[in-house]
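Trainee: I'd like to go over a predicted model; first the sequence, then the structure.
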Amino acid sequence: MRVFIAVDVDQPEMVQSLRALEEELSSLRVPMKLVEPENLHVTIRFIGEVSDFIVGEIRSKVLPSLRFKPFKLRLAGLGAFPSPSNARVIWVGITEGFEELKAIREQVDKGLKDLGLRLEEEEFRPPHNFG
């Protein structure tokens, strides 16, 4: 199973704004698959292919151990991976809430390492710091 851990984007106003952005992008007639509103998220950690057993361990041991207070997430800016001319993923930047997401990522990584998973040592850098 291909697995990642994410924070859902489920605030109605934010979902509505992102849906409007998706509609605007689709009007450009660029072939793309739009994300369903219930699947809007900020990826915290991509894990990759793991067994059902490991998924169960993550659900029972890592996720329940996460501790954080509610925080504000503010989005602005737009970009694409791997590049704008070859967009496979369209992203929206984060202008507020980055430090909180980074702290959650650190907890997730610790929990995954405690399970014995090897993780790519990549810096957590969701697109952020737009003016």
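Mentor: Arrived safely, thanks for sending.

Trainee: Could you report the distance from the closest residue to Glu57 other than its chain neighbours to Val15?
Mentor: Distance criterion Cβ to Cβ, 6 or more residues apart in numbering; nearest residue to Glu57, sequence neighbours excluded, is Leu115 at 5.4 Å. In short, each C-beta sits where N, CA and C put it, glycine included. Noted for Leu115: a distance of 32 Å to Val15, by Cβ to Cβ, to the nearest Å.

Trainee: what are the ranges of the strands in this protein?
Mentor: 2-8, 41-49, 74-83, 86-96 (DSSP state E).

Trainee: gap between the residue lying farthest from the centre of the chain and Arg19?
Mentor: Computed with Cα atoms, centre = their mean, the maximum C-alpha offset from the centroid of the chain is found at Arg29, amounting to 25.4 Å. Separation of Arg29 from Arg19 (Cβ to Cβ) stands at 18 Å.
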